[in-house]
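**Q** quick one: sequence and predicted model below, then my questions.
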Amino acid sequence: MKRLGKVSHYAKQGFLILRTDWVPSLNEPVVDKNLTMVGVVKDVFGPVKRPYVAVKPRVKNPGEYVGALLYVDTKRKKTKPNHGKKRRAKGGTGRRPAPRKRG
């Protein structure tokens with residue numbers, strides 16, 4: 001778990017805005033001090049040395065988190081879904097066989 005920063009305000013667009021000292025990856029889970037899932041990182045903008053981070057909240061009352069410290073939970077990192085990709089057999093060449101000739 002790594003400290004992300006203190007929430008400065010809740011924007012009209014529905015994002016919690018906070019300032020941080022480092023650049024988190026997009027779609028990383030954001031939690032509070034009690035490890036309650038608050039939302040995910042949706043945007044990083046502003047100066048490189050102290051960027052702003054927009055967090056898309058997944059809680060009922062995100063306005064309550066103004067002034068609270070938030071953290072990035074590295075243990076809750078989501079795995080990428082397979083999206084119907086077939087697994088290749090172990091030890092195979094990984095190539096498709098040549099088509100058979102007809103006629």
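**A** Everything's here; your move.
**Q** tell me the contacts of Leu70?
**A** Contact analysis of Leu70 by Cβ atoms under 8 Å, 6 or more residues apart in numbering lists 4-7, 16, 18, 30-32, 38, 55. The C-beta positions use only the backbone N, C-alpha and C, and glycine is treated the same way.
**Q** just the pLDDT at the spatially most central residue of the chain, thanks.
**A** For the chain, Asn27 is the residue whose C-alpha lies nearest the centre (Cα atoms, centre = their mean; 1.5 Å). Asn27 is assigned 95 on the pLDDT scale.
**Q** ok so, going back, any chance of the contacts of Leu70 in TSV, plus pLDDT and distance to Phe45?
**A** TSV is the format used below for the contacts of Leu70 (pLDDT from 0 to 100; distance: Cβ to Cβ, whole Å):
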residue	pLDDT	distance to Phe45
Leu4	95	15
Gly5	95	14
Lys6	96	17
Val7	96	16
Leu16	97	14
Leu18	95	12
Val30	96	16
Val31	96	22
Asp32	95	22
Val38	96	19
Val55	97	12
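**Q** re the thing from before, quick check: closest non-adjacent residue to the residue nearest to the centre of the chain.
**A** In this structure, Asn27 finds its nearest non-sequential neighbour in Val40, 5.3 Å apart by Cβ to Cβ, 6 or more residues apart in numbering.
**Q** C-terminal to the host helix or strand of that neighbour, what's the next element?
**A** Here Val40 sits within strand 37-45, counting by DSSP states H and E. Downstream of strand 37-45, the first helix or strand assigned by DSSP H and E is strand 52-57.
**Q** which parts of the helix or strand following that following strand are buried?
**A** Counting by DSSP H and E, the next helix or strand C-terminal to strand 52-57 is strand 69-72. Using 16 or more other Cβ atoms under 10 Å as the test for burial, strand 69-72 gives 70-72.
**Q** pairing partners for strand 69-72, with directions?
**A** strand 2-10 (antiparallel), strand 29-31 (antiparallel) (DSSP bridges).
**Q** out of the ones you listed, which comes closest to Lys60?
**A** strand 2-10 (12.9 Å; Cβ to Cβ).
**Q** next structured bit after that closest one?
**A** Sequence-wise, the next helix or strand downstream of strand 2-10 (DSSP H and E) is strand 16-19.
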